[in-house]
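1. give me a model of this one.
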Amino acid sequence: MPRDTLTGSRIRERRVMAGIKQSELAKRAEISPSYLNLIEHNRRRIGGKLLVDIAHALGVEPASLTEGAETALLANLREAATDTEMSEAEFARVEEFAGRFPGWAALLADSQRRVETLQRSVEALTDRMTHDPHLAASLHEMLSTVTAIRSAASILAEPGDIEPEWQRRFNRNIYEDSARLADSSRSLAQYLEEADSEASETNAPQDELDAVFQKTGFHLPTLETPDADVGAFASQLEQGLSQSARWLLHGTLSRYRDDARRMPLSDCADVVAATGSDPLAFAQRFGCDVASAMRRLAHLPDDILVNPVGLAICDGSGVTTFRKPLPEFPLPRLGAGCALWPLYRALARPMMLHTDLMEQSARASARHRGYAISQPTGPARLGDDVLFESHMLIVPEPKRDTSEPIRQVGLTCRICPHPACDARREPSIMIASAPRKL
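-> Now for the predicted structure:
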């Protein structure tokens, strides 16, 4: 329903909220109650002086009665309906629903936002439990201790007498195991509390590197100058990092400086203004490889890019070595992501630029263009195998009608709701009864 035909619904909503009877409002506007009834049911168009009179009688601005529902509210309502089997006719009435029942529409949109927040929390926690070695070891230790305590307690609870010496031993074992369990619980709780703060010794080196770039916003102005000193700058960022994380940081910063020298920031702004976030256009403009162009785009400041872009880099084994996630396209920590991403397909066909229009399973309203390429990490040597590294640039794509196929992808198999995916490697906890793949 067009926006201008919803004015009556908004008048009725405002009148009810103000506690004014229809006959009273009609009297104030100097029209008949029957005519006002037709207006409120969107059977008569309204404008001009009558609209101003009714708005004055309701104590509101005329624009608040004629303007459509907020764009964000409509977007959230459409997103909530995306994964349902709603008919096209019902889907087209979303604006009418928002106009007639703004309170319920806002409640539904808020529920949709809460669901998305909870989904992201589940994804993050599941990914962490899957790939965090410290967390896995702590949980294993706690379960082993609980099992030992229960075993000793079950022996003491069995009928019959136990020799005093053995009874003392079992009691001592229970006491010691209980103390160890308490220490493990406190240590685990402290670790979880510190997980979102600055990197500590318990974090994996890749986590520490991710935290550094998240803190700096992935753009490092200090390294944009031709004479930038990587060592001096790294010493400023590596405070509190482990030795392994410092090694990773130094290599990443050196690569950043080299990319910045080949692609100066001022020239990058001109290329983005002309071609957008196209890595191939960047590579052609600066005469560099496509992977370098992807990294440079991912490290540009927000005031140059129209929309922020994401980046994932993995080695030949598929393990992520660099990650810049986007709000609508998260990337897993430490482990491999969805096997359908072009990031991994590129490893099978090196030196070929792959591209896909993608929708993540839990975020069907957001589309992203994925560019991926796999390139050698060094020069070829006689008799040696070439090692490859794959890059995937993630660019937000506006949602519009297109004949191009859209690839439905996930984050990781454990939290992907597509049970029939041929690339599935384990059942999903998001599916009530995921079929077992033989």
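
2. low-confidence ranges in the stretch 251-400 of the chain?
-> Counting by pLDDT under 70, the stretch 251-400 of the chain shows low-confidence ranges at 334-335, 361-365.

3. who's the closest spatial neighbour of Arg15, skipping the chain neighbours?
-> Excluding the flanking residues, the one nearest Arg15 by CB to CB, 6 or more residues apart in numbering is Leu25, at 5.5 Å. Just so you know, the C-beta spots here come from the backbone N, C-alpha and C atoms, and that holds for glycine as well.

4. what's around the one you found, how many residues?
-> 21 (other CB atoms under 10 Å).

5. let the chain start at 7 from now.
-> Done: numbering now begins at 7, and the last item shifts to Leu31.

6. which residues does it contact?
-> Each residue near Leu31 by CB atoms under 8 Å, 6 or more residues apart in numbering is listed here: 21, 42, 60, 63-64.

7. could those residues go into JSON lines alongside distance to Leu399 and neighbour count?
-> Converted to JSON lines, these look like this (distance: CB to CB, whole Å; neighbours: other CB atoms under 10 Å):
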{"residue": "Arg21", "distance to Leu399": "53", "neighbour count": "19"}
{"residue": "Leu42", "distance to Leu399": "57", "neighbour count": "24"}
{"residue": "Ile60", "distance to Leu399": "53", "neighbour count": "24"}
{"residue": "Ala63", "distance to Leu399": "56", "neighbour count": "20"}
{"residue": "Leu64", "distance to Leu399": "52", "neighbour count": "21"}
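
8. now, these that are in helices?
-> Among the contacts of Leu31, the ones falling in helices (DSSP state H) are 21, 42, 60, 63-64.

9. among the contacts of Leu31, which pair sits farthest apart?
-> In terms of CB to CB, the contacts of Leu31 reach their longest pairwise distance at Leu42 and Leu64, which sit 11.8 Å apart.

10. now Arg178: phi and psi?
-> Per-residue torsions, Arg178: phi -70, psi -40 (degrees, to the nearest 10).

11. do you know how far it is from Arg192?
-> 22 Å (CB to CB, to the nearest Å).

12. which of the residues in stretch 265-275 are classified as buried?
-> 265-266, 269, 271, 274 (16 or more other CB atoms under 10 Å).

13. contact partners for Tyr41?
-> For Tyr41, the contact set (CB under 8 Å, 6+ apart) comprises 32, 50.

14. kindly recompute the last result at 10 Å.
-> Counting by CB atoms under 10 Å, 6 or more residues apart in numbering, Tyr41 makes contact with 32, 35, 49-50, 52, 56.

15. all strands for this protein, in order.
-> For the chain, the strands defined by DSSP state E cover 316-321, 326-330, 360-366, 373-382, 394-403, 412-415.

16. so which of these comes closest to Ile155?
-> So among the strands of the chain, strand 326-330 is nearest, using CB to CB, at 38.7 Å.

17. now do the closest one against strand 394-403, angle only.
-> 20 degrees (axes from the mean of the first three to the mean of the last three CA atoms, to 10 degrees).

18. contacts for stretch 281-292?
-> 265, 268-270, 273-274, 276-278, 280, 294-304, 306, 310-315, 359, 361, 375, 377-379, 397, 399-402.

19. what subset of the contacts of Tyr41 is buried?
-> For the contacts of Tyr41, a burial check counting by 16+ other CB under 10 Å picks out 32, 35, 52, 56.

20. didn't the first one look like it was pressed against Pro39?
-> To tie it back to what came earlier, the one meant is Ala32. Yes: contact status for Ala32 versus Pro39: in contact at 4.4 Å, counting by CB atoms under 10 Å.

21. in contact with Thr383, which residues?
-> With contact taken as CB under 10 Å, 6+ apart, Thr383 is in contact with 297, 321-322, 392-395.

22. hmm, 8 Å instead?
-> If you count contacts by CB under 8 Å, 6+ apart, Thr383 has them with 321, 393-395.

23. of those residues - the most surrounded one?
-> Within the contacts of Thr383, most neighbours by other CB under 10 Å means Glu395, with 20 neighbours.

24. nearest spatial neighbour of it, chain-adjacent residues omitted?
-> For Glu395, the spatially nearest residue (CB to CB, 6+ apart) is Thr383, at 4.9 Å.

25. hmm, back to that, closest to Leu332 out of the contacts of Tyr41?
-> Nearest to Leu332 out of those is Ile52 (CB to CB; 43.7 Å).

26. now do that closest one against Pro68, distance only.
-> Distance, Ile52 to Pro68, using CB to CB: 10 Å.

27. what's the answer for Thr383, then?
-> Distance of Thr383 to Pro68, computed by CB to CB: 65 Å.

28. what's the answer for His374, then?
-> Counting by CB to CB, the gap from His374 to Pro68 is 41 Å.

29. who has more neighbours out of these two?
-> A direct count of neighbours by other CB under 10 Å for His374 and Pro68 places His374 higher, at 21 against 17.

30. the more buried one bridge partners, please.
-> Note on His374: beta-bridge partners by DSSP bridges are Met364, Pro402.

31. what sits against it?
-> Residues near His374 by CB under 8 Å, 6+ apart: 316, 332, 334-335, 363-366, 400-403.

32. from those, keep the buried residues only.
-> 316, 332, 334-335, 364-366, 400-403.

33. any idea which of the residues you listed is closest to Asp235?
-> Nearest to Asp235 among these: Gly316, at 28.8 Å, using CB to CB.

34. my read: that closest one touches Glu334, true?
-> No: contact between Gly316 and Glu334 fails when scored by CB atoms under 8 Å: they sit 9.3 Å apart.

35. in this structure Leu57 contacts Glu67, no?
-> No: using CB under 8 Å, Leu57 is not in contact with Glu67; the gap is 10.7 Å.

36. mind checking which of the two has more residues around it?
-> Taking other CB under 10 Å, Leu57 and Glu67 do not tie; Leu57 has more neighbours (19 against 12).

37. per-residue pLDDT of the more buried one, please?
-> On the pLDDT scale, Leu57 is placed at 84.

38. could you list the low-pLDDT ranges of the stretch 107-256 of the chain?
-> Scanning the stretch 107-256 of the chain with the threshold set as pLDDT under 70 gives 129-143, 193, 196-209.

39. now the helices: where do they sit in it?
-> According to DSSP state H, counting those that start in this stretch, the stretch 107-256 of the chain carries its helices in the segments 108-137, 139-163, 170-200, 211-222, 236-243, 249-268.

40. relative to Phe224, how far out is Arg302?
-> 11 Å.

41. who's more crowded, the two?
-> Shown here are Arg302 and Phe224; by other CB under 10 Å, Arg302 has more neighbours (22 against 19).

42. contact partners for that one?
-> Taking CB under 8 Å, 6+ apart, one finds 265-266, 269, 274, 288 in contact with Arg302.

43. appreciated, that's everything.
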